[in-house]
Structure formats: structure tokens, C-alpha cells
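Student: model the following, please.
(chains A and B)
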Amino acid sequence: MPALSEIVVHPQLSERSHYRYQFTPKHHGHGSGYKPPASEWIAEMTLETEFGIFNAADFHAIRDDDENMYGILRDDEGELLMLGIWNEQVAEFPRTRDGEAWHGYPLYPLVEQGPESRRGQKCRPEKVVFDRMVDAALITPRQRKRLLKGDYA
Amino acid sequence: MNPTSLNGSDNGRLFSTHRFDDFDVSWVGPMPLPQLGICFGSASGQVMFTDYSLNKLADPDLVNPSKEAINGVAFWNGWLAASTRADVTMGSMQVSGSRYNTVGIPVGAHGIVATPNGMFVSPMGRTGLMIFRAGSAANDPVYVLQPKGASMYFCRAVAQLGRDGIDLIAIAARKGGLVVGETSWGHPTYVMRGAASTDVDVVDICLVRSEPSSPSIVALAFDGTLLLVRDALHDPSPLSLKFNTIGGTPYRVLSAGEDIVVLTSKGVFLLGELASRLTGGFDLGAFTTQIFAISVEAVDAAVIADRWLLIVTPDEVLRFDLEAVRAGKPTDQRNEMPISLSRSWTFNDVNSTARQLARA
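Tutor: As a prediction, the model looks like this:
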């Protein structure tokens, strides 16, 4: 997907919760303009595929205790694919206020000090998120344990 | 070719399986003190020590207050440091009571190693390389070496003695390539040497037993190729070898005496005598290599004392006796001539400024 110059809203709602989803320039080709740089989806990722990751996260209720959602993308053999330009394999969809469109970005595994101290966020999904992914058969126990360590799977 | 399954083969004589009650293993590595043995890290921030037969030497200890999964443990002269995705800690192994967590750093890392001269080194992704001294106190400085360069992502570090008694550190820096440098504590800036290629995403690295004046390195790229450097200080140009037997998502590369071990999402691959051929100066591309491939759901692995290959799986640990593998010549061992890939490498200085880590 080429860089976006403006917010694009997906025409469909998510299947389970009927959430709206939007694609933001910040995470589509313009992340380097932020300090520290914002994470970006890889250029090969279509908007449709990105929405599919969000839709699956909603469908399987892959949420943390703060109601943020998390998604992954697998290939035909079950291997996790890279989602972000920094080799992230897990995307975060931060909870929005009621009625607002959701958005997402590649998050993890990515170790860096900056965003944590800047935003007060952990930049890593809670353990329970990976347990829920295993329960939903989205990842294997091996992949869960790799991700828990901060390794790519 | 698919790796051999552990079930139903005659390879059972080569390995044993182990489970520990209430200890979910996430990491394994060697333990140098108080006796030679094996250190295990758990998925909830604990460490535990065993002998080579995997008999527990003591009850597990919580070393990382985050209770996240241990992804690295390192030792230096009675000090232990451990890392998780959320924190890095250090403590004494010799003081009783609340001996661990003397120093707690609430910043995640991809692992930790000790240098011969007493630095603990942790790769911290885009942030750089964290370094602190073994035995330092809670208020002593912790530094981050942040490379000036956009594409560096430090994911794995290894260390050994360099020239003139100073430390040599080698780093897998993902699309930033391989980084090697000789370093010592207390400098405001550090200059290391980097080798990168546009096609190569370096995910792991190991040092092969070699002289300090000519360290040999084997690295693993995300496309499954092995990058071999005979003398990282004088000729850093890697040879890229592709073994078709090695399939799956590459995770780890390990040195095991004369051999090299590769861990992927599909299993474990023991490449016979590849390390000794590297250090011996043979033409690597002209040799067939014996490969012993094992299909296993491997999370992580370590080579202990050049003899034991410990493989962490989702719910148990496998211990392979490499001497038995080498001597037994398993029937399912294959020979493969690797493909030598032509790649264009660029070499540059990786300048890093040391800044003190803010721990608040």
C-alpha cells in the first residue's frame, strides 16, 4: 500500500462488534516524520489485509484488560508474517471511545526505550493476549513462548 | 527434505526429555558457578540451576520482578544478570537473602551476555546496546550505546576476549547487518565496524572458537542463509551459504565445537564440522556438509560445554548428547553441498555515543 496522505475509512464494519476502522497516514508511509518514529505497516500490506487482521482480532476477542485488541497474520504454513517495517509480527488496535473508528499499527516484538517513557505505554501485549491467541488457534504454543520472550516467532 | 521426526526413529538413544514441576522453561544456557552446570530461565522470571544430568541443584529463584519470560542470563565472577522483554536485573550469587535484583533496570532487552572484562551487554533493538558493569550498585551508571544510523536494530550480542585483553563484541543488527567492535568500559563514544547488504536481515550471531586476533563469526539471516566470517577484524566480508535442508523461520545459530547448530520453526539442524572448516581456512563452498536434522517444536536452544544440546520446546526440554550424535552417525544424516550466494556488502564505521540510561 502506498503512503497515505489522508485518513481512509474502510467501507465495512467489523464482523462481530460492528466497529469502524480507519487507516492513518502516520502508520502508512509517514512514521519517520514523528519523534521517535512511529511504527508503519510494510508497503506490501494492502488495506484490505490490514482490515482483515483487525477483523480477526475483533472476531476472536483478542483483547487485553484495557480492551485494546491485537492481531497477527499467518501464511499458509502457519508461520507468522512480518507486519511492520521493524519486523513486528503483532499489531495493536488501541481502544477508542464509543462510536469512534479504530486504527492500528505494528507493535511487537519491538524493544525500544523511547515510546515507553514518552507515552507511558508498555509497547508489549500482556501475557493474556498470547494465551487468547493460542486458545483461538491463531498462534501455536511455540509461537506464544517465543513472543513472550520478546522474540519474533 | 524434511527433518527426521523424533517419534518412531532410532534417534531416541541420542536424547532425553525433561519436565520440571512448576517451572515453565523459556531459556537455557550454561552456568559457570558455583559449579559447572546448566541455567534455566522460566516464563515467569525465575532462574534454576541443574547439573549436566538436569538434576536440580536448588529451588528456583525469582530474579526479574516483572515476572516476564527470561530471554537471557549471563554470569561474571559471582554476579548474575537476567533479561526479559520488560526489565534487566543483576545480583550476586554469593550473598544470601535477597541477593538478586541488586540492580533493576525497567527496560526490556532481547537478551544479555557478559564480556570477559566484566561488562553486561544487552541488545535493546532500536535503542542500541545497554552496558553496565558487573558488581555495580543501584545508583551506578548504566549506559546505552546508540548507533548513529537509521537501520540498526540490535537483536543479539555475543562477546569474547579481543586483542590486547579488551572485550570483543559482535552484534546481529537485523537489516543493519553484522556489527563487530573491540570495546572497554568508560568511553564517551564507541566505534565499531558494520557489514550490511540490502538483501540481508541478520537475526542471530555466534562466535566460533578462534583466536582473539582473528575472531570467526557465524550469523543467521532471516532468509535462512548462513553468513560466515573467518576473520571479523581484518576481512569482515561474509560468505553467504544456503543449505536447502534448512527450512522454516530461522531462530538461532549456535557454535558447538567443530559444528554449527541452526534452530528454526521446523526443527534443529546440526551442520557437521562447519565451524572447524571456517576457522581452518577451507573453501567452505566446495565441501559437502553432513546435516543431522531433527523435527521439533523448538523455542530456544543452547550448547553446553560443546557436548550437550539443550532444546526448549513449549512444554519440555530435550537434551541431546552431541558426542553420541557425532559418534553414532545417525542413519538419517544427509550430505549437502551448500549454495554460495553472491552478495554485495557495504562496510562502514558504526559510531555510537554512550549516554546514561534514565531509569525513572
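Student: where does pLDDT dip in the chain?
Tutor: Assuming you mean chain A. Along chain A, the parts satisfying pLDDT under 70 run over A:1, A:113-122.
Student: please go with chain B instead
Tutor: B:1-12, B:34, B:95-101, B:149-150, B:284-285, B:329-331, B:359-360.
Student: show me the contact partners of stretch B:344-360.
Tutor: Stretch B:344-360 is contacted from outside by A:113, A:117, B:105-107, B:128-131, B:141-149, B:152, B:176-177, B:179, B:181, B:187-198, B:236-238, using C-beta atoms under 8 Å, 6 or more residues apart in numbering or on different chains. (C-beta placed from N, C-alpha, C; glycine too.)
Student: next one: it to chain centre, how far?
Tutor: On the basis of C-alpha atoms, centre = their mean, to the nearest Å, the separation between the geometric centre of stretch B:344-360 and that of its chain is 20 Å.
Student: what parts of the stretch 51-200 of chain B come near chain A?
Tutor: For the stretch 51-200 of chain B, the residues in contact with chain A (C-beta under 8 Å from any C-beta of the partner chain) are B:68-71, B:84-86, B:107-110, B:123-127, B:144, B:153, B:174.
Student: which of the contacts of stretch B:344-360 are buried?
Tutor: Those of those that meet the buried threshold are A:113, B:105, B:107, B:128-131, B:142-147, B:149, B:152, B:176-177, B:179, B:181, B:190, B:192-197, B:236, B:238, by 16 or more other C-beta atoms under 10 Å in any protein chain shown.
Student: of those, which belong to helices?
Tutor: With helices defined by DSSP state H, no entry of those lies inside them.
Student: which of the residues you listed fall in strands?
Tutor: Those of those mapping onto strands are B:105, B:129-131, B:143-147, B:179, B:181, B:190, B:192-196, per DSSP state E.
Student: which residue ranges form the helices in chain B?
Tutor: Using DSSP H, helices in chain B cover B:274-280, B:322-328.
Student: from the chain's centre, how far out does the last one sit?
Tutor: Translated: helix B:322-328. 23 Å.
Student: and stretch A:82-89, by the same measure?
Tutor: Centroid separation for stretch A:82-89 versus its chain: 10 Å, with C-alpha atoms, centre = their mean.
Student: now do that stretch: everything it contacts.
Tutor: Outside stretch A:82-89, the residues that reach it (C-beta under 8 Å, 6+ apart) are A:31, A:39-42, A:45, A:53, A:72-73, A:80-81, A:90-91, A:105-110, A:147, A:152-153, B:125-126, B:153, B:174, B:201, B:222.
Student: from the residues you listed, list just the buried residues.
Tutor: Buried among the contacts of stretch A:82-89 (16+ other C-beta under 10 Å): A:31, A:39-41, A:45, A:53, A:72-73, A:80, A:90-91, A:105-110, A:147, A:152-153, B:125-126, B:153, B:174, B:201, B:222.
Student: of those residues, which belong to strands?
Tutor: For those, secondary structure assignment (DSSP E) places A:90-91, A:105-108 in strands.
Student: relative to chain B, which of the residues you listed is nearest.
Tutor: Of all these, residue A:108 has the smallest distance to chain B: 8.7 Å, by C-beta to the nearest C-beta.
Student: which residue, neighbours along the chain excluded, lies closest to the closest one?
Tutor: Nearest non-adjacent residue to residue A:108, counting by C-beta to C-beta, 6 or more residues apart in numbering or on different chains: residue A:90, 4.2 Å away.
Student: ok, that neighbour touching residue A:110?
Tutor: No. Contact criterion C-beta atoms under 8 Å: residue A:90 and residue A:110 do not qualify, at 9.2 Å.
Student: how about the residues of chain A near chain B?
Tutor: A:36, A:79-80, A:86-87, A:109-114, A:116-117, A:122, A:124, A:127, A:140-142, A:144-146, A:148-153.
Student: can we see that at 7 Å?
Tutor: A:79, A:86-87, A:110-114, A:124, A:141-142, A:145-146, A:148-151 (C-beta under 7 Å from any C-beta of the partner chain).
Student: just the buried residues of these.
Tutor: Neighbour-count burial (16+ other C-beta under 10 Å) applied to those gives A:79, A:86-87, A:110-113, A:124, A:142, A:145-146, A:148-151.
Student: from those residues, which land in helices?
Tutor: A:142, A:145-146, A:148.
Student: count the neighbours of residue B:336 for me.
Tutor: Residue B:336 is flanked by 18 other residues according to other C-beta atoms under 10 Å in any protein chain shown.
Student: for it, list each beta-bridge partner.
Tutor: Taking DSSP bridges as the rule, residue B:336 bridges to residue B:289.
Student: how much space between the residue nearest the centre of chain A and residue B:300?
Tutor: Central residue of chain A (C-alpha atoms, centre = their mean): residue A:91, 1.4 Å from the mean position. Going from residue A:91 to residue B:300 by C-beta to C-beta, to the nearest Å gives 24 Å.
Student: now swap in residue A:27 and tell me
Tutor: 31 Å.
Student: check residue B:159 too.
Tutor: Residue B:159 is 19 Å from residue B:300, by C-beta to C-beta.
Student: more neighbours: which of these two?
Tutor: Between residue B:159 and residue B:300, counted using other C-beta under 10 Å, residue B:300 has the larger neighbour count: 24 against 21.
Student: contacting residues around the lengthiest helix in chain A?
Tutor: With secondary structure taken from DSSP H, chain A has its longest helix at helix A:47-59. Applying C-beta atoms under 7 Å, 6 or more residues apart in numbering or on different chains, the external contacts of helix A:47-59 come out as A:1, A:8, A:10, A:14-17, A:19, A:21, A:23, A:41, A:69-71, A:73, A:91, A:93, A:102, A:104.
Student: how far away from the center of its chain is it?
Tutor: The answer for helix A:47-59 is 9 Å, by C-alpha atoms, centre = their mean.
Student: please consider this matter closed, and thank you.
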